[in-house]
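A.B. asks: pasting the sequence and the predicted coordinates here, then a few questions.
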Amino acid sequence: DVKVTQSSRYLVKRTGEKVFLECVQDMDHENMFWYRQDPGLGLRLIYFSYDVKMKEKGDIPEGYSVSREKKERFSLILESASTNQTSMYLCASSLLMGDPSSYEQYFGPGTRLTVT
Amino acid sequence: QQQVKQSPQSLIVQKGGIPIINCAYENTAFDYFPWYQQFPGKGPALLIAIRPDVSEKKEGRFTISFNKSAKQFSLHIMDSQPGDSATYFCAASMLMDSSYKLIFGSGTRLLVRP
């Protein structure tokens, strides 16, 4: 059974703290993604990576960075957390090449981050 | 141009009803249109998907209708059940920056009353 796991389900941090969100997938997928989910805004892509040490900005990268040192692991970093980064963060993975129907994204359960 | 507009934001139906969720897009380069279902406390999961060369696709009680000329597609849930209560996201996919990425709609929260 495919699996994407995220390090924390709930996280509370203070403004200005450095925050690490970890994601691990066991499907040997090349692509990994970080989204944030906010009511009424759907899922918005923050960053994605198609290979180890590769990263591409998504639609809302400001205030975030990412790290991918191993194929199975993709980390999202908030360098200095702010209250407007309070959100649900979802990690996903997918295959890189092939028919578009094979690009199904598999999501983790999400991390609900609250910045106070 | 890369937006996918989804409506309604929320929907309440009685058991057995047929909820319909609509999505519209502008960019004709999109080539794959999946729907994702998300239950509370879970990440979204692929429900059903369609290519633009097909006008309809059915999987069980779920049907996608696709109108290429109008650049619209919709999800119909036949004989809806309380267990279908979830948030539904439409999405559109295209090749961008060496990888296929998904552009998601804003989501529809569906409640099916017993």
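C.D. replies: Sure thing, it's come through.
A.B. asks: where do the strands of the chain begin and end?
C.D. replies: As the question left the chain open, I've gone with chain A. Along chain A, the segments classed as strands by DSSP state E run A:4-6, A:10-13, A:19-25, A:31-38, A:42-49, A:56-57, A:65-70, A:73-78, A:87-94, A:106-107, A:111-115.
A.B. asks: that was the other one, I meant chain B.
C.D. replies: Counting by DSSP E, the strands of chain B are B:4-7, B:10-14, B:20-25, B:33-38, B:45-50, B:56-59, B:62-67, B:72-77, B:86-96, B:99-104, B:108-113.
A.B. asks: now the chain, which segments are flagged as low pLDDT?
C.D. replies: No chain was given, so I picked chain A. Across chain A, the ranges flagged by pLDDT under 70 are A:1-2, A:97-102.
A.B. asks: that's the wrong chain, I wanted chain B
C.D. replies: B:1-2, B:97-98.
A.B. asks: next, format the strands of chain A as a markdown table and append distance to chain B.
C.D. replies: To be clear about C-beta, it is placed using only N, CA and C from the backbone, and glycine gets the same treatment. Rendered in a markdown table, the data for the strands of chain A read as follows (distance: least, Cβ to the nearest Cβ, whole Å):
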| stretch | distance to chain B |
| --- | --- |
| strand A:4-6 | 7 |
| strand A:10-13 | 11 |
| strand A:19-25 | 11 |
| strand A:31-38 | 6 |
| strand A:42-49 | 4 |
| strand A:56-57 | 5 |
| strand A:65-70 | 13 |
| strand A:73-78 | 14 |
| strand A:87-94 | 6 |
| strand A:106-107 | 3 |
| strand A:111-115 | 10 |
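A.B. asks: out of those strands, which is closest to B:Pro52?
C.D. replies: strand A:87-94 (19.9 Å; Cβ to Cβ).
A.B. asks: which other helices and strands does the closest one contact?
C.D. replies: strand A:4-6, strand A:19-25, strand A:31-38, strand A:73-78, strand A:106-107, strand A:111-115 (3 or more Cβ pairs under 8 Å, 6 or more residues apart in numbering or on different chains; DSSP states H and E).
A.B. asks: re the thing from before, I'd like the strands of chain A laid out as a markdown table, including distance to B:Asn27.
C.D. replies: Below are those laid out as a markdown table (distance: least, Cβ to Cβ, whole Å):
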| stretch | distance to B:Asn27 |
| --- | --- |
| strand A:4-6 | 28 |
| strand A:10-13 | 35 |
| strand A:19-25 | 28 |
| strand A:31-38 | 19 |
| strand A:42-49 | 15 |
| strand A:56-57 | 18 |
| strand A:65-70 | 26 |
| strand A:73-78 | 27 |
| strand A:87-94 | 20 |
| strand A:106-107 | 23 |
| strand A:111-115 | 31 |
